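A.B. asks: sequence? don't have it. structure:
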């Protein structure tokens, strides 16, 4: 019941729109048929007509839109912001890639402009379309991915999966996928398939919708088998109404995609389904919510959004033009030789059918023929001068009506290249400016329409695209090294409210064909104007620095009037700022003082230099004395340390000698006792053994003597080292004292100030 109540609300809104725009749609159908000249194809007896509608539309469309627009993305405030500058370059390059690489924008703009000049309203729709591909993954690997509407192009964005068909943003596990590429297509919406809530102005509109025709396969893919398989197919080929009425074998379902700014939700439903098929929260997060720009309108008033087609404003003149064209056609057909001749002279008929140059036709009974007056008396031609005069008057009347139509539509003679050779160049220029003013309003409307579409694309790129996609579209690797370093910060800035940080616009001149010669003349004029101004301004700024800020502002003011100067405006601003800074620094320098003041300053500087020199000498002496005391302390510490090491070595040597003596003595006593015991036990023991024992004792005594000699030599070496160290310390102290007593010289820097002191050798 709630679903039925919700859809009934929107069905009532759609019914109000249909009732409000019923007459306009019927009128637009007739205008389109006249533009296509369908009646002539259906009725062969149709009178002659002059299709002024086709001529005007074919003239006005290229006059207001002849080529793809060029987006211009600038920082909203012209501050010195390198990150903002790089971010604007990324957006502008990405938009140019989108516009030039995909043909949808070209087609949408062309059809929308054509609808504006026929029915009076052109509409285009922007959407986000990511293309995903499956990835190789482990057997148990799953991740949450985005479900994309293949038919409507609406996805859940970065907020999560929106595959639920009952309107809830449900999440489900799917095989791992990645975005292969993503884009922001611009769809053309036929004027019959677009609608909005009834309002007086576009700012009062609260709902917009478009009708999408989907096949059964598209329904199942978009809404699922359970829902998409039950939606009735209620639409057939639009061009074959008889087929649809007779067979009732429809092949498509007419689905409404409605955006409600009051609830900030999007709804999908069918009139014959009886309930809302799908419902989602704002999927694109656009600042204006609606995914479409304000329609490209023809004549409008402030009390209704029903447009007035241009043809309605001159349809009476077009009808008169058709009547005159039919009259001219009849007069042209009547403009031929007709008359009667004497039946007795049948050869006269051959005069008009067979007569040729230098050809004579014989006449019988010449005497009788001449008596009757000859040729004048035998033939009488119907006069055609009256018909010819009437035909000339019809041509003149038709030209006058065409001029009236051109005045109404804004197509003047200068636009069509019709001008008099006797006119002066000033007169032709005035006429050209007048014609430009008439068309300028139309060109601005088309430029504003294109700007709105590009703004929507920019928002989608910044909020939905992956950073890597933006980098690839913008060819960031081709930027300078300094700009490449700012790309991460610029991408972070783009994720903020893009329309709050940047100004995106399309110049009307970029949509129409440009006169290349005029383009060159404008550039030359700019260079001449800038050169002349700078030649006068720079000397003036040097003489009077106070005028530099005013001169810089005047240069910037003059540059803003030249479109050709936009690419170098930043460079000029930087150069002007540097000049301004240098002039300001020069202006801040004090004036030249008088000689007495200079003499006093020099005397003060000399006194300061002498005082500084004396101070540096005293500091040098203090530093040397401190170094001398420090050297004394270090030498005393080293001598004390070496003395302690010497005493410890002596003591250690004494201990070792004593230990070896005691060990030798103990070994000798033990050997003696053993030998005495052997002798007592063997009285007959020969003396060689005793001699061997005595030789061993002598060897031990000799070795002990060598060790004592080595110890004495080591002690002598240590005493010599200590004496050398004492001599070096004494020499170093004598050198320091000599340096303190030697004459000194002041060392001065590049600025003339004392920088140090050195000893004069």
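C.D. replies: Everything's here; your move. Predicted model only: the values in this text are computed from it and were never measured.
A.B. asks: report the helix or strand with the lowest average pLDDT across the protein.
C.D. replies: strand 142-143 (a mean of 39; mean pLDDT, DSSP states H and E).
A.B. asks: the helix or strand hosting residue 253 pairs with which strands, and in what direction?
C.D. replies: Using DSSP states H and E, residue 253 falls within strand 253-260. Sheet pairing for strand 253-260, assigned by DSSP bridges, gives strand 207-214 (antiparallel), strand 265-269 (antiparallel).
A.B. asks: export those as CSV, with columns for distance to residue 494, mean pLDDT and mean neighbour count.
C.D. replies: The way it works is simple: take the backbone N, C-alpha and C, and place the C-beta from them, glycine included. Output for those, formatted as CSV (distance: least, C-beta to C-beta, whole Å; pLDDT from 0 to 100; neighbours: other C-beta atoms under 10 Å):
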stretch, distance to residue 494, mean pLDDT, mean neighbour count
strand 207-214, 27, 94, 22
strand 265-269, 24, 95, 22
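A.B. asks: and stretch 446-462, what's its mean pLDDT?
C.D. replies: Mean pLDDT, stretch 446-462: 90.
A.B. asks: still on that earlier bit, just send the strands paired with strand 253-260 back as TSV, with distance to residue 488 too.
C.D. replies: TSV is the format used below for these (distance: least, C-beta to C-beta, whole Å):
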stretch	distance to residue 488
strand 207-214	37
strand 265-269	33
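A.B. asks: do you know which of those lies nearest residue 23?
C.D. replies: strand 207-214 (19.8 Å; C-beta to C-beta).
A.B. asks: residues contacting that closest one, please?
C.D. replies: With C-beta atoms under 8 Å, 6 or more residues apart in numbering as the test, strand 207-214 has contacts from 10, 13-14, 123, 125, 151-152, 189, 192-197, 222, 235, 252-262, 290, 292.
A.B. asks: what subset of these is buried?
C.D. replies: 10, 13-14, 123, 125, 151-152, 189, 193-197, 222, 235, 252-260, 290, 292 (16 or more other C-beta atoms under 10 Å).
A.B. asks: kindly confirm my reading that residue 305 is in a strand.
C.D. replies: Yes: judged by DSSP: H, G, I helix; E, B strand; the rest coil, residue 305 forms part of a strand.
A.B. asks: any idea of the pLDDT on it?
C.D. replies: pLDDT, residue 305: 95.
A.B. asks: swap in the one 4 residues further on?
C.D. replies: In the prediction, the pLDDT value recorded for residue 309 is 94.
A.B. asks: how about the helices in the stretch 351-500 of the chain?
C.D. replies: Assigned by DSSP state H, counting those that start in this stretch, the stretch 351-500 of the chain shows helices spanning 366-371, 374-378, 385-409, 425-464, 467-474, 481-485, 487-494, 498-501.
A.B. asks: which strands or helices does the host helix or strand of residue 625 pack on?
C.D. replies: Here residue 625 sits within helix 595-681, counting by DSSP H and E. Contacts defined by 3 or more C-beta pairs under 8 Å, 6 or more residues apart in numbering; DSSP states H and E place helix 595-681 against helix 688-741, strand 744-748, strand 754-759.
A.B. asks: where does the stretch 201-350 of the chain dip in pLDDT?
C.D. replies: 236-249, 342, 344-345, 347-349 (pLDDT under 70).
A.B. asks: now do the helices in it.
C.D. replies: Counting by DSSP H, counting those that start in this stretch, the segments of the stretch 201-350 of the chain that form helices are 216-223, 225-228, 241-247, 310-313, 315-334, 348-353.
A.B. asks: so which of these is the most surrounded?
C.D. replies: Comparing the helices of the stretch 201-350 of the chain by mean neighbour count (mean count of other C-beta atoms under 10 Å), helix 310-313 comes out on top with a mean of 20.
A.B. asks: same for that helix, what does it pack against?
C.D. replies: helix 22-36, helix 385-409.
A.B. asks: what comes up buried for the longest one?
C.D. replies: By 16+ other C-beta under 10 Å, the buried positions in helix 385-409 come out as 387, 390-391, 394, 397-398, 401-402, 405-406, 409.
A.B. asks: residue contacts, residue 267?
C.D. replies: By C-beta under 8 Å, 6+ apart, the residues touching residue 267 are 6, 10, 256-258, 260, 276, 278-279.
A.B. asks: look up how far residue 10 lies from it.
C.D. replies: 7 Å (C-beta to C-beta, to the nearest Å).
A.B. asks: what's the overlap in contacts for the two?
C.D. replies: Contacts common to residue 267 and residue 10, judged by C-beta under 8 Å, 6+ apart, are 256, 258, 260.
A.B. asks: helix, strand or coil for residue 188?
C.D. replies: Strictly by three-state DSSP, residue 188 counts as strand.
A.B. asks: that one - how many residues pack around it?
C.D. replies: By other C-beta atoms under 10 Å, the residues close to residue 188 number 19.
A.B. asks: wait, it sits on residue 112?
C.D. replies: Yes: assessed by C-beta atoms under 8 Å, residue 188 is found in contact with residue 112 at 6.4 Å.
A.B. asks: mutual contacts of these two, please.
C.D. replies: Common neighbours of residue 188 and residue 112 (C-beta under 8 Å, 6+ apart) are 123-124.
A.B. asks: residue 282 is in contact with residue 288, isn't it?
C.D. replies: No: judged on C-beta under 8 Å, residue 282 makes no contact with residue 288 at a distance of 11.1 Å.
A.B. asks: just give the number of residues close to residue 600.
C.D. replies: Residue 600, neighbours per other C-beta under 10 Å, totals 12.
A.B. asks: I'd like the distance between it and residue 309.
C.D. replies: In terms of C-beta to C-beta, residue 600 sits 89 Å off from residue 309.
A.B. asks: quick one: contacts for residue 61?
C.D. replies: 110, 113-114, 117.
A.B. asks: so among the residues you listed, which ones count as buried?
C.D. replies: Buried among the contacts of residue 61 by 16+ other C-beta under 10 Å: 113-114, 117.
A.B. asks: tell me the one of the residues you listed nearest residue 609?
C.D. replies: Nearest to residue 609 among the buried ones among the contacts of residue 61, with distances taken as C-beta to C-beta, is residue 113, at 81.7 Å.
A.B. asks: setting aside sequence neighbours, what's the nearest residue to the closest one?
C.D. replies: residue 65 (4.7 Å; C-beta to C-beta, 6 or more residues apart in numbering).
A.B. asks: ramachandran angles for that neighbour?
C.D. replies: Here is the backbone geometry of residue 65 (degrees, to the nearest 10): phi -150, psi 110.
A.B. asks: residues near it, how many?
C.D. replies: 25.
A.B. asks: and residue 450, by the same measure?
C.D. replies: Neighbours of residue 450 (other C-beta under 10 Å): 31.
A.B. asks: can I assume it is in contact with residue 67?
C.D. replies: No: at 11.1 Å, residue 450 does not count as touching residue 67 under the criterion of C-beta under 8 Å.
A.B. asks: how near is the residue lying closest to residue 475 once chain neighbours are set aside to residue 468?
C.D. replies: Nearest in space to residue 475, with sequence neighbours left out and distances taken as C-beta to C-beta, 6+ apart, is residue 93 at 6.3 Å. Separation of residue 93 from residue 468 (C-beta to C-beta): 14 Å.
A.B. asks: among these two, which residue is more densely surrounded?
C.D. replies: Legend: neighbour count by other C-beta under 10 Å for residue 93 and residue 468, higher for residue 93 (20 against 11).
A.B. asks: need the contact list for the more buried one.
C.D. replies: 473-475.
A.B. asks: now these: which count as buried?
C.D. replies: Buried among the contacts of residue 93 (16+ other C-beta under 10 Å): 473-474.
A.B. asks: from the contacts of residue 93, which single one is nearest residue 101?
C.D. replies: Using C-beta to C-beta, the contacts of residue 93 come closest to residue 101 at residue 473, 8.5 Å.
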